[in-house]
Every structure is written in C-alpha cells, then in structure tokens.
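Undergrad: Sequence first, predicted model second:
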Amino acid sequence: MPLTSPDHKGIIANGRLMASALYPLLTNQALKLHSVLRAASRAENAAFPTFITLELPVPAADGAHGQGALGRLARFFNGRGAPAKTDYLRFINTLPSGATLALAGPEPLESPHFQAVLFQADARSLDVEISTCGRRLDECAPVIYGLGVARVRLSIFGPESVHNDVVGSSRSFKDAVRGSLALAGLRDSTTRPSLVVDLRPVPASFGRFEEMVECALVIGADLVIMHYPMLQGSPSPADAASCADELSRLRRRYRTAPLRFFPDLAGGDAERFILGDMLSVGPARCSHPWRGVRVDTDGKITICDSYAIGDLRTDSLESVYNCEAARSLRRNIKRGLLPGCQKCVGRFQSEDALR
Ligand code: SF4
C-alpha cells in the first residue's frame, strides 16, 4: 500500500496526535525526576525549576503596581512599575515545555496580561494551573477550557457570607459557583481543566467546615484540600484544640471523598500548627529552593519566601537560578531551617501532593 494512501495518512495522523499528547507528559515527568534527584543530593546548583509561580498584577486604583493615578505616582517615586506584557511573554518563552506554570497573584483572572500569558503558555506546551478566588471565573471559563489549562484552583474562605467578606465582593461566591459549573459543563467527558478547591478557613468559618466541604463537592471539585488555619494574635490553646477536633471529625466523616488535608497533621501536631508553633512540627528540611521559583507582581524573582535573586525585566531565569545569591541561600538551608520558615509552609509542600 503506498504511503500516501488514505489508510496510511490516517495512521500517521493518529500517531502524531498520540505523540503530541504524550510528549508534554513525558517531559514533565522527566523534568520532575531530574529536579527531585538534584534536591535530594542537596547540591548548591539546582536543576531548572519545574514549578514556576507567576503572580500577575491587577489594575488597582491605589496599589503601588496598579494602573490608577496613585499607582502611577508610586511608580514615579519608586522609579519602576510592574513588568510589561512583553516582559512576561519573553520570560515564558524561556521555560521548558512540560514545566508547570502556576498563575497566581491578587486575582490572575483580573490581570490585563492574563489572556496573553495563557496563549503564550499554550504555545510553549506548559502545564498551566490558575489560582483564583472565583471572581470572573464564569466569564473566563471558555478561554480556560479552550487553551487546555490543566488545573483551576479555587480558594474558598468559608460559607457564602464569610467568603464574600474576605474577598470583598458580594457576588464573589456566586461567581465562583457559576464559574465552576460552567467549567464542568464545558469539560463534559474530557479531563481538563481539573477543579481543585482549596478550603482556607478563617475564624468566622470555624464550626462550619463540613458545610464548606459539602459545597466544594457539590460544585464538582475533583479534589478538595482543607488547609489548616493558623490563628493570629495571641490564640488560646482551647481554640486550637477545638479547631483540631473539627478537622479530625472531617477526616472520619469523609474517608472516601476526594478530600486531603494540608499540612497533613493530626493530634498535638495539628494543634501546635494552628497555634502558630510551626517549627516544632513537620519536616526538618525544605527542598523548595531546589524545585520552585516565584515571580512577584513587581517582577522580583524569588526562590524562598521573599529572598530575591533577580528581576523578570532584566534577568533570565536560567542566569539567576544558580547565581551566587541562590547558591548561598541553599548552602544556609542545608545547615538547617531559617527564621523565615516559622511562617512558611514551603517545607510541607511536595510538588505532587496538592494536585
Ligand atoms: S522560608 Fe523555609 S520553609 Fe519557606 S521556602 Fe524558604 S526554606 Fe522553605
């Protein structure tokens, strides 16, 4: 049979389709394996990061990086502003296909760069996840689905009134629910984007955790993650104990549901974490600076908490990820946890555990 026959053309087209679906998956796994091995070896030079968080700026009337008059004034006095769209596009162009690009920030769906960044990430075959509190999710659902976003992470802070208070918009909860249902409708029998609901309770939602989990399951979450709260100010041990009790009741009640806890602590460890005594619990080592990188809304590139190693506008990720500042930080972390670890959950975070 000649290679140009319709049968052969069909076989070749199917082969190409399979290869294009498998390639990002295999690249992603290979990158992760490489970075895990480097992190385990604790060498000062890390493999190229597999998890890149990009905090997108939003227009704000009074924010230092906003587009309003005060924002412009702040930029004038600081001598710098938020990165431009071209800075983001250039940065994304340098990321290896298969890496995970997490879009975050005050609210990435409201960023003027959101769609351009998403198109560029799609062109680079990046594995994209979007963290949102749900505002504009309904409106953005078609583009999120159309560009093959891998994951949408929806943060819910409590039942409707509590969530709206935290987000500062009376429609926010309804938008989040409508957006989730719109995504589920578009997705139909495909698997992308998966919906991960991050439950982040605040004191006003204590006693109502079960209601939050039920809501997440009803809107079609593929995975629900209950984040342990950390009490602020001078919390009482009794409050921490009652919160930890509520969390263990949830564990018993939803044994078979797709519900996970972060950090995955129980008993006295959970209480200590909730009280803010984080250094006494969890892993004594952190591999985050070997595996991830974050770009703040002002363009600062950081590998650990707020420790800047470069700037998106002037540096390439490749040139700064193993610069002297980054290597010296890794040297210090190898000796033990830093004071900044007291308030950081980075060391609890395994790249795959939460997705
Ligand atoms: S502050 Fe500590 S826990 Fe957080 S990323 Fe840095 S080393 Fe890890």
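TA: That came through, no problem. The structure presented is a predicted model; accordingly, all values stated were derived computationally and were not measured.
Undergrad: going forward, measure contacts between C-alpha atoms and count neighbours the same way
TA: Will do.
Undergrad: Show me what from the stretch 151-300 of the chain comes close to the ligand.
TA: Residues of the stretch 151-300 of the chain found near the ligand (C-alpha under 6 Å from any ligand atom) are Cys286, His288.
Undergrad: What are the boundaries of the strands in the stretch 151-300 of the chain?
TA: With DSSP state E, counting those that start in this stretch as the criterion, the stretch 151-300 of the chain has strands at 151-156, 194-199, 223-227, 259-262, 292-295, 300-304.
Undergrad: repeat for the stretch 1-150 of the chain
TA: Counting by DSSP E, counting those that start in this stretch, the strands of the stretch 1-150 of the chain are 51-55, 100-104, 127-132.
Undergrad: so for the last one, what's the average pLDDT?
TA: In other words, strand 127-132. Strand 127-132 carries an average pLDDT of 96.
Undergrad: Equivalent analysis for the first one, please.
TA: The average pLDDT within strand 51-55 is 94.
Undergrad: what angle separates that strand from strand 127-132?
TA: Between strand 51-55 and strand 127-132, the angle comes out at 40 degrees (axes from the mean of the first three to the mean of the last three C-alpha atoms, to 10 degrees).
Undergrad: Report all helices and strands that strand 51-55 contacts.
TA: strand 100-104, strand 292-295 (3 or more C-alpha pairs under 8 Å, 6 or more residues apart in numbering; DSSP states H and E).
Undergrad: still on that earlier bit, tabulate the strands of the stretch 1-150 of the chain in JSON lines, adding columns for mean neighbour count and distance to Asp269.
TA: JSON lines is the format used below for the strands of the stretch 1-150 of the chain (neighbours: other C-alpha atoms under 10 Å; distance: least, C-alpha to C-alpha, whole Å):
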{"stretch": "strand 51-55", "mean neighbour count": "22", "distance to Asp269": "28"}
{"stretch": "strand 100-104", "mean neighbour count": "23", "distance to Asp269": "29"}
{"stretch": "strand 127-132", "mean neighbour count": "24", "distance to Asp269": "28"}
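Undergrad: The ones you listed: which one's closest to the ligand?
TA: Across the strands of the stretch 1-150 of the chain, the ligand has its closest neighbour in strand 51-55 (13.0 Å, C-alpha to the nearest ligand atom).
Undergrad: what separates that closest one from the chain centre, distance-wise?
TA: 7 Å (C-alpha atoms, centre = their mean, to the nearest Å).
Undergrad: next one: stretch 172-183
TA: With C-alpha atoms, centre = their mean, you get 19 Å for stretch 172-183.
Undergrad: Only the C-alpha atoms, please, for that stretch, written as PDB.
TA: Only the C-alpha atoms of stretch 172-183 are listed here, as PDB (Å, rounded to 0.1, in the frame of the first residue of the first chain):
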ATOM      1  CA  SER A 172     -17.800  36.600  44.600                       C
ATOM      2  CA  PHE A 173     -19.200  33.300  46.000                       C
ATOM      3  CA  LYS A 174     -21.900  33.100  43.400                       C
ATOM      4  CA  ASP A 175     -19.400  33.900  40.600                       C
ATOM      5  CA  ALA A 176     -17.200  31.100  41.900                       C
ATOM      6  CA  VAL A 177     -20.100  28.600  41.900                       C
ATOM      7  CA  ARG A 178     -21.300  29.700  38.400                       C
ATOM      8  CA  GLY A 179     -17.700  29.500  37.100                       C
ATOM      9  CA  SER A 180     -17.100  26.000  38.400                       C
ATOM     10  CA  LEU A 181     -20.300  24.800  37.000                       C
ATOM     11  CA  ALA A 182     -19.500  26.400  33.600                       C
ATOM     12  CA  LEU A 183     -16.200  24.700  33.600                       C
END
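Undergrad: export the strands of the stretch 1-150 of the chain to TSV and tack on distance to the ligand?
TA: As requested, the strands of the stretch 1-150 of the chain are arranged in TSV below (distance: least, C-alpha to the nearest ligand atom, whole Å):
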stretch	distance to the ligand
strand 51-55	13
strand 100-104	16
strand 127-132	19
